[in-house]
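> When you get a sec, could you give me coordinates for this:
(2 chains)
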Amino acid sequence: NAGVTQTPKFQVLKTGQSMTLQCAQDMNHNSMYWYRQDPGMGLRLIYYSASEGTTDKGEVPNGYNVSRLNKREFSLRLESAAPSQTSVYFCASSLLGRNEKLFFGSGTQLSVL
Amino acid sequence: AQSVTQPDIHITVSEGASLELRCNYSYGATPYLFWYVQSPGQGLQLLLKYFSGDTLVQGIKGFEAEFKRSQSSFNLRKPSVHWSDAAEYFCAVGMNTGFQKLVFGTGTRLLVSP
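Numbering: from 1, shown residues only, chains lettered A, B, ... in the order given. As a prediction, this is how the structure comes out:
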């Protein structure tokens, strides 16, 4: 089973460029999440989708947009990248969003120059 | 709002020695508590979780954690560490109602010496 798949694994952007991080899960999960991981900060929730058709802001949503394309896919878009968005981004999914286990992708290392 | 503190940024343990990683939380009610492990270049993997009942919970890879309400703690333990346990460990807290939005601690990096 593939689980949660993120693409790309690495990306370098210049300030002001845009890009979309892709995430797909094959576990028929209802809920999906985007986190960013920064040294000394742990993981912080950017956006989440409790179920297909809904999205909500997390702790650090500024500068990002998301799309829950269908039940499997949840993308994260940076419209105008800034150096402060240099981070490792993780997508995760869970079955119902009721404090059961989160399944994580392997992450995207993004550098904004 | 809930919060999590992991006071140790790095811990070094000799292989075969016991391990305890500290986690303190802040939440107005009984929380849901989790420990996740992250190996280099990988996503996070659930080690164990506490929702209710027995305050000592067993997880994968020989780990256990004890919920102590009086101390607002959920420390992770392992009696004998293996070199493969070297990783970063994250404690997380969730609310006991509504949709899950976990709050993660800042992590503790475990180094295992020969």
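> Under the pLDDT cut-off, which ranges of chain A? List them.
Along chain A, the parts satisfying pLDDT under 70 run over A:1, A:99.
> where does the closest residue to B:Leu44 other than its chain neighbours fall, phi/psi-wise?
In space, B:Leu44 comes closest to B:Tyr36 once its chain neighbours are excluded; the distance is 4.1 Å by Cβ to Cβ, 6 or more residues apart in numbering or on different chains. All C-beta spots, glycine's among them, are computed from the backbone N, C-alpha and C. When read as degrees, to the nearest 10, the backbone of B:Tyr36 gives phi -120, psi 150.
> Quick one: name the residues of chain A near chain B.
With Cβ under 8 Å from any Cβ of the partner chain as the criterion, chain A meets chain B at residues A:4, A:31, A:35, A:40-45, A:48, A:50, A:58, A:90, A:92, A:94, A:97-102, A:104-107.
> Which among those residues count as buried?
Buried by 16 or more other Cβ atoms under 10 Å in any protein chain shown: A:4, A:31, A:35, A:42-45, A:48, A:50, A:58, A:90, A:92, A:94, A:97, A:99-100, A:102, A:104-105, A:107, out of the residues of chain A next to chain B.
> check contacts around the residue in chain B that chain A sits nearest to.
Chain A sits closest to B:Gly43 of chain B, with a gap of 3.1 Å, by Cβ to the nearest Cβ. Applying Cβ atoms under 8 Å, 6 or more residues apart in numbering or on different chains to B:Gly43 gives the contacts A:4, A:90, A:92, A:104-107.
> if you set the cut-off to 6 Å instead, what comes out?
Going by Cβ atoms under 6 Å, 6 or more residues apart in numbering or on different chains, B:Gly43 touches A:90, A:104-107.
> quick revisit: read off the pLDDT value for the residue nearest to B:Leu44.
The confidence metric pLDDT takes the value 96 at B:Tyr36.
> Also B:Ser39?
The model reports B:Ser39 with a pLDDT of 91.
> Show me what the residue nearest the centre of chain B is bridged to.
A centroid search over chain B (Cα atoms, centre = their mean) returns B:Trp35, at 3.4 Å, as the residue closest to the centre. Listed beta-bridge partners, B:Trp35: B:Leu48, B:Cys91 (assigned using DSSP bridges).
> thought it was touching B:Leu76?
Yes - between B:Trp35 and B:Leu76 a contact is recorded at 5.0 Å, counting by Cβ atoms under 6 Å.
> Which neighbours do those two have in common?
Common neighbours of B:Trp35 and B:Leu76 (Cβ under 6 Å, 6+ apart) are B:Ala65.
> Skipping adjacent residues, who's closest to the closest residue to chain B within chain A in space?
Going by Cβ to the nearest Cβ, chain B is nearest to A:Phe104 of chain A, at 3.1 Å. Nearest non-adjacent residue to A:Phe104, counting by Cβ to Cβ, 6+ apart: B:Gly43, 3.1 Å away.
> same check, this time on A:Arg36
With Cβ to Cβ, 6+ apart, the residue lying closest to A:Arg36 is A:Ser87, at 4.3 Å.
> Now do the contacts for the residue nearest to B:Leu44.
Neighbours of B:Tyr36 in contact, by Cβ under 6 Å, 6+ apart: B:44, B:46, B:90.
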